[in-house]
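Enquirer: When you get a sec, could you give me coordinates for this:
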Amino acid sequence: MSSLRAALFIARRDLGFMLWSRDTMLWTFVMPILFFYFTGTVTGGLASPTGSEDRPDALAMRAPEDAGFLLDELVERLEEQHFRVDRPETDEDWARYARQLTVTPGPTEETTGNRSLTDLVLTGQRVALRFENRLEGPNAAFDQIRIARAVYAVLADTVVTSQENGTPSAESFAELARMPRTLSLDVRSAGRREDPPIGYAQAIPGTMVMFTMLVLLTSGAAQLVIERNEGLLRRLASTPISRGSIVLGKLTARVALAMVQISFAMVAGTVLFGMDWGPSLPMVIAVMFGWATFNGSLAIVLGNLARTDSQVTGIGVMATIVLALLGGAAWPIEITPAWIQQLALLLPTGWAMDALHKLVNFAYAPAVVFPHLSAMLGGALVLGWVGARTFRYD
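Expert: Here you go, the predicted structure:
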């Protein structure tokens, strides 16, 4: 039997044994889907922008009917902040809205008389605005900011028009709006795609990176320890199969297991969650192959150095969690301090996540991730050499 055939024989046997293990099947085919959903939902709510031109946020408003032109200006500013301003007629309809804005023209009837909201503002009287929001999280705080921006925009325009034209009016507001702005701000998303890596775009690649490492550093490495402790490797020592063929076969089996897991995750992410892998799918697959090879080699080293499967499980789980957190696989790296973002680029999880985000979310050219892929394959080569040197039968 040639060395290559012997390695492939060992790889097929190992892959079949690991793949049909209940723990491996659970963490390869079931848990990633659950993590896709829960992590995607959490990170989507964490960073997803609220409101857009295509899908503005509904805002219920209560205000006097004869409020005057300033209320119309306020509605216009709220719509510029991507709110859809509705005026519910009944309390039942009002209660359906999570965002509610009440405009009260003055504290008491004695101070307001029959004057409109606009008249009160122009004469320096108090007008109360109360915003209630049943939503929670960062988006709720951002809603408060958008409301305040709309209100202060109307207030600022009122001050400017009163200084230039005396008494503000709808015409003076329109004239001010037509004036050219001396300062403008152009905000654009990086890359060719407008979607930042949040929600499922962050969760699916991150879960793939994290679970590939987790499965190989636990099941993949533990299987090697179990075979050594049960004397199975000593039996291989009595066969004509060389040490190099055995190590190559063990490595190939673990890389194949990782690619099965990655392929399933990519298909499930596309079908169940509508994941778009960008225009460079072949390079995405190449990056994940490099990641699988790196972790397969690391699993061999860990399996050689550990004495018990409990040691492997503890080290594998802790290493995966720490590297996933610091490398941006467990959450968007953009929410971490700058020094962690710089540290991530020195970690293997950071290489994989940065390469995937560049290809998937920002549609960079495939050549941009050559350094990432080279680092993973180079690391796999070094770890493979270490694994071959430290491999032992007992």
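
Enquirer: what about the strands in this protein?
Expert: For the chain, the strands defined by DSSP state E cover 57-62, 83-86, 99-104, 128-133.

Enquirer: Please name whichever of those strands is nearest to V159.
Expert: When these are ranked by proximity to V159, the top entry is strand 128-133, at 17.4 Å, counting by CB to CB. Placement of C-beta: from N, CA and C, glycine included.

Enquirer: Tell me how many other residues crowd the nearest residue to G274 once chain neighbours are set aside.
Expert: Of all residues not flanking G274 in the chain, Y200 sits nearest, at 7.4 Å (CB to CB, 6 or more residues apart in numbering). In terms of burial, Y200 registers 22 neighbours under the definition other CB atoms under 10 Å.

Enquirer: Can you read off the pLDDT for Y200?
Expert: If you check Y200, the pLDDT there is 87.

Enquirer: Quick check: it touching T270?
Expert: No - using CB atoms under 8 Å, Y200 and T270 do not qualify as a contacting pair, with a distance of 10.5 Å.

Enquirer: Please enumerate residues in contact with stretch 244-252?
Expert: Residues from elsewhere that reach stretch 244-252 (CB atoms under 8 Å, 6 or more residues apart in numbering): 3-4, 6-11, 14, 224, 233, 236, 296-297, 300, 384, 387-388, 391.

Enquirer: These in helices, which ones?
Expert: Cross-referencing the contacts of stretch 244-252 against helices under DSSP state H gives 3-4, 6-11, 14, 224, 233, 236, 296-297, 300, 384, 387-388.

Enquirer: Buried ones from these, can you make that a PyMOL selection?
Expert: Buried residues among those (16 or more other CB atoms under 10 Å), as a PyMOL selection:
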select buried, resi 6+7+8+10+11+14+224+233+236+296+297+300+384+387+388
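
Enquirer: okay, and the helix or strand of this protein with the least pLDDT?
Expert: Within the chain, confidence by mean pLDDT, DSSP states H and E is lowest for helix 109-112 among all helices and strands, at a mean of 48.

Enquirer: and of the strands of the chain, who's closest to R254?
Expert: Ranking those by proximity to R254 (CB to CB) places strand 57-62 first, at 48.0 Å.

Enquirer: counting contacts, what elements does the closest one pack onto?
Expert: If contacts are counted by 3 or more CB pairs under 8 Å, 6 or more residues apart in numbering; DSSP states H and E, strand 57-62 sits against strand 83-86, helix 91-95, strand 99-104.

Enquirer: Could you dump the ones you listed into TSV and include mean neighbour count?
Expert: Rendered in TSV, the data for those read as follows (neighbours: other CB atoms under 10 Å):
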stretch	mean neighbour count
strand 83-86	18
helix 91-95	11
strand 99-104	18
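
Enquirer: Kindly reformat the ones you listed as TSV containing mean pLDDT and distance to L59.
Expert: Output for the helices and strands packed on strand 57-62, formatted as TSV (pLDDT from 0 to 100; distance: least, CB to CB, whole Å):
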stretch	mean pLDDT	distance to L59
strand 83-86	92	4
helix 91-95	91	12
strand 99-104	91	5
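
Enquirer: Dump the ones you listed to TSV, plus distance to L251.
Expert: TSV is the format used below for the helices and strands packed on strand 57-62 (distance: least, CB to CB, whole Å):
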stretch	distance to L251
strand 83-86	57
helix 91-95	62
strand 99-104	56
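
Enquirer: V368: which of these is closest?
Expert: strand 83-86 (38.4 Å).

Enquirer: What strands line up against the closest one, and which way round?
Expert: Within its sheet, strand 83-86 is paired with strand 57-62 (parallel), according to DSSP bridges.

Enquirer: now the angle between strand 128-133 and the partner strand, please.
Expert: Comparing the axes of strand 57-62 and strand 128-133 via axes from the mean of the first three to the mean of the last three CA atoms, to 10 degrees yields an angle of 140 degrees.

Enquirer: Give the full set of residues in contact with D354.
Expert: Each residue near D354 by CB under 8 Å, 6+ apart is listed here: 328, 344-345, 372.

Enquirer: Just the buried ones out of the residues you listed, please.
Expert: With neighbours counted by 16+ other CB under 10 Å, those contain buried members at 328, 344, 372.

Enquirer: Could you pull out the buried residues of stretch 224-243?
Expert: Neighbour-count burial for stretch 224-243 flags 224-225, 227-228, 233, 236, 241 (criterion: 16+ other CB under 10 Å).
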